[in-house]
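A.B. asks: Compute the structure for the input listed below.
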Amino acid sequence: MGEWIRVGRKEEIPVNGAKVVMVEDSRIAVFRVGEDEFYAIDDVCSHDEASLSEGWFADRYVIECPRHGAWFDIRTGKALRMPAVYPVKTYAVKIEGDEVFVEWMPPEAEEEWGIREKG
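C.D. replies: I've put the predicted structure just below:
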C-alpha cells in the first residue's frame, strides 16, 4: 500500500534507543529493542505533542513520554497510561541487510483508503 522509505542503517539506531527521521512533514521515531527488533511510531505524544523519542523505556516495548508520563506500546501505538487516551500512529518496518526501511503513506493517501486519524 505504501512506499518503503530508507531511514538508515541498523547501527545508526542505538540498542534500546531511537532515531528520529523526517518524512515529508512527519516526525517518525524508529525504536530498536535489543539487537534485532525495530518499531516505528509517530514521534509526537497524542496527549501533549512531546517527542516520544526523548522518553525512556518503561518496559521492553513501552515508551514513556518525557512530558507527562503517558505510556505507549511501540508495537501497536496503543496508549497504555494516562494522561494519553489516543494511540499514536505506527509504521511497518523491514530490514534488508543492514538497512532499515519504514512503510510510508502520505496522509492524503490514507484518507483515500478510508484510514482516519483520531477524532
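A.B. asks: Which stretches in this protein count as strands?
C.D. replies: Listed in chain order, the strands found in the chain under DSSP state E are 3-9, 17-23, 26-33, 37-42, 56-59, 62-64, 71-73, 79-81, 90-91, 93-96, 99-104.
A.B. asks: Neighbouring strands - and their directions - for the shortest one?
C.D. replies: The one in question is strand 90-91. Take DSSP bridges as the rule and strand 90-91 pairs in its sheet with strand 37-42 (antiparallel).
A.B. asks: Report the buried residues of the partner strand.
C.D. replies: Phe38, Tyr39, Ala40, Ile41, Asp42 (16 or more other CB atoms under 10 Å). In short, each C-beta sits where N, CA and C put it, glycine included.
A.B. asks: Below-threshold pLDDT in the chain: ranges please.
C.D. replies: Low-confidence segments of the chain (pLDDT under 70): 110-119.
A.B. asks: let's see it at 50
C.D. replies: Under the criterion pLDDT under 50, the flagged ranges of the chain are 118-119.
A.B. asks: Columns distance to Gly77 on top of the buried residues of strand 37-42, output as CSV?
C.D. replies: Formatted as CSV, the entries for the buried residues of strand 37-42 read as follows, by distance: CB to CB, whole Å:
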residue, distance to Gly77
Phe38, 15
Tyr39, 9
Ala40, 10
Ile41, 5
Asp42, 8
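A.B. asks: Of these, just say which sits nearest to Lys89.
C.D. replies: Nearest to Lys89 out of the buried residues of strand 37-42 is Asp42 (CB to CB; 4.5 Å).
A.B. asks: My read is that that closest one contacts Phe31, right?
C.D. replies: No. Between Asp42 and Phe31 there is no contact under CB atoms under 8 Å: 12.0 Å.
A.B. asks: still on that earlier bit, CSV for the strands of the chain, including distance to Asp48?
C.D. replies: Output for the strands of the chain, formatted as CSV (distance: least, CB to CB, whole Å):
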stretch, distance to Asp48
strand 3-9, 25
strand 17-23, 17
strand 26-33, 15
strand 37-42, 13
strand 56-59, 17
strand 62-64, 13
strand 71-73, 13
strand 79-81, 12
strand 90-91, 19
strand 93-96, 26
strand 99-104, 24
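A.B. asks: Thank you kindly, that will do.
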